[in-house]
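> any chance you can model this:
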Amino acid sequence: MNKYGAGDTRMTNLIRAGYYPVNANNKVVKVKQLANDIISGKINYGKNEARINKIDVLLGKGYGLLVQDEINSLLNAKSKKW
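Predicted coordinates for the structure are as follows:
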């Protein structure tokens, strides 16, 4: 599991960071959707640092790492299925 947690843990961490529940939930949904879009190839933001910087500009500072962690989690989950 990544350092931001998953499911309820992720929500709790965002709320503790100062986001109201509705805003935190919206950000979690955006992070997950963006990660899925990047993996599926619908969106191409480049790789690694360039991708993180572009997402930080879009969603706010720190969200690039959240999306990157989500991508890693999704890819790890897919590789374990095989």
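> the chain: helices as residue ranges?
Per DSSP state H, the chain carries helices over the ranges 8-16, 21-40, 48-59, 63-81.
> worst average pLDDT in the ones you listed?
For those, the weakest mean pLDDT is recorded on helix 8-16, namely a mean of 71.
> how far off helix 21-40 does that helix point, in degrees?
Orientation of helix 8-16 against helix 21-40 (axes from the mean of the first three to the mean of the last three C-alpha atoms, to 10 degrees) gives an angle of 130 degrees.
> what angle do helix 63-81 and helix 8-16 make with each other?
Using the same axes, to 10 degrees: helix 8-16 against helix 63-81 is 180 degrees.
> for the spatially most central residue of the chain, what are its contacts?
Note on the chain: the residue nearest the mean C-alpha position is Val67, at 2.6 Å, using C-alpha atoms, centre = their mean. Each residue near Val67 by C-beta atoms under 8 Å, 6 or more residues apart in numbering is listed here: Val31, Leu34, Ala35, Ile38, Arg51, Ile52, Ile55, Leu59. The way it works is simple: take the backbone N, C-alpha and C, and place the C-beta from them, glycine included.
> just these now: which is nearest Ile71?
Ala35 (4.7 Å; C-beta to C-beta).
> count of residues packed around the closest residue in space to the closest one that isn't next to it in sequence?
Nearest residue to Ala35 in three dimensions, chain neighbours excluded: Glu70, at 3.8 Å (C-beta to C-beta, 6 or more residues apart in numbering). Counted by other C-beta atoms under 10 Å, the residues lying close to Glu70 total 23.
> can you give me the distance of Glu70 to Arg10?
9 Å (C-beta to C-beta, to the nearest Å).
> please apply the same query to Gly64.
Going from Gly64 to Arg10 by C-beta to C-beta gives 16 Å.
> cool, and Asn36?
15 Å.
> of those two, who's got more company?
Neighbour count, other C-beta under 10 Å: between Asn36 and Arg10, Arg10 has more, with 22 against 14.
> my guess is the more buried one contacts Val29, does it?
No: look at Arg10 against Val29 with C-beta atoms under 8 Å: they stay out of range, at 10.9 Å.
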